[in-house]
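In: Return atomic coordinates for the entry below.
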Amino acid sequence: MITKILLADDHKIIREGLRSLLEKQPDMEVIAEAQDGLTTVRLAQKLLPHVVIMDIGMPEMNGIDATRQIVAEKTHDVKVIALSMHSDRRFVLQMLKAGASGYLLKDSAFEELITAIHTVMMNQPYLSPKVMDVVVKEYLHGLAKNETTVFTALTAREREVLQLLAEGKATKQIASVLNVSVKTIETHRQQLMEKLGIHSIAELTKYAIREGLTSLEP
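Out: Got it, this is the predicted structure:
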């Protein structure tokens, strides 16, 4: 069986490199690429890949929330493998809670990604050694079980709005992207500020960057 793969990363050079290497595998085919989370979700719903290789830090919707939406589609058994620069336990644990079947770091050897794809296609999880260390430590020591993060403090829609605000999009633009009314976005923005105790877009942006929802990169 040919494994159909969707590549999701906001850096074109990474997508092109991965596509070139994956398509040399006789049992794999890259069927599409996406440079942001929203597009990834839409392509996954439309094309029904077997595996999504998912970056975490992407525009418009982060990889964690994109994973949660894709996995929630019960009509199709898609496996998500995180391929990220983040080894911070907050990202690892939230990605796994969102439903990812695997997690690798971007400094992993390409052969490890191939192994991960084959492993998750056999309905088994795959974690790179560094990531496994994070998970084991969390399990053994029960670190910060009640820790508040952007993924526990805000709803999925509030995170979407926060990320888009932090990326500099105006209220009308956000309403268009999310296909809701301007008034709805204004309400979400007010709720965000009240929940977080933050009273300016600049401070919301700093919070989003600190929590890893977005970065200072263009």
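
In: CA atoms for contacts and neighbours, from now on please.
Out: Will do.

In: residues of the helix with the most length in the chain that come out buried?
Out: Longest helix of the chain, by residue count under DSSP state H: helix 182-196. By 16 or more other C-alpha atoms under 10 Å, the buried positions in helix 182-196 come out as 182, 185-186, 188-189, 192-193.

In: ditto for stretch 100-117
Out: Residues of stretch 100-117 classed as buried: 100-106, 113, 116-117 (neighbour count, 16+ other C-alpha under 10 Å).

In: quick one: least confident of those?
Out: The member of those with the lowest pLDDT is residue 106, at 89.

In: where's it relative to residue 112, distance?
Out: 10 Å (C-alpha to C-alpha, to the nearest Å).

In: Ok, residue 28 next?
Out: Following C-alpha to C-alpha, the distance that separates residue 28 from residue 112 is 15 Å.

In: What's opposite residue 6 in the beta bridge?
Out: Beta-bridge pairing for residue 6 (DSSP bridges): residue 32, residue 52.

In: Might you report the residue contacts of it?
Out: 30-34, 40, 44, 49, 51-53 (C-alpha atoms under 8 Å, 6 or more residues apart in numbering).

In: What about those residues, which one has the most neighbours?
Out: Ranked by the number of neighbours (other C-alpha atoms under 10 Å), these place residue 52 first, at 28 neighbours.

In: just checking, what packs against the helix or strand residue 111 falls within?
Out: Assigning secondary structure by DSSP states H and E places residue 111 in helix 110-121. When contacts are defined as 3 or more C-alpha pairs under 8 Å, 6 or more residues apart in numbering; DSSP states H and E, helix 110-121 packs onto strand 79-84, strand 102-105, strand 126-127.

In: just checking, what packs against the last one?
Out: Using 3+ C-alpha pairs under 8 Å, 6+ apart as the contact test, the elements touching strand 126-127 are strand 102-105, helix 110-121.

In: nearest to residue 173, of those?
Out: For residue 173, the closest of the helices and strands packed on strand 126-127 is strand 102-105, at 32.6 Å, according to C-alpha to C-alpha.

In: Put together CSV for the contacts of residue 6, with pLDDT and distance to residue 60 on each row.
Out: Formatted as CSV, the contacts of residue 6 follow (pLDDT from 0 to 100; distance: C-alpha to C-alpha, whole Å):
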residue, pLDDT, distance to residue 60
30, 97, 23
31, 97, 22
32, 97, 18
33, 97, 15
34, 97, 12
40, 97, 10
44, 96, 16
49, 96, 21
51, 97, 21
52, 97, 18
53, 97, 17
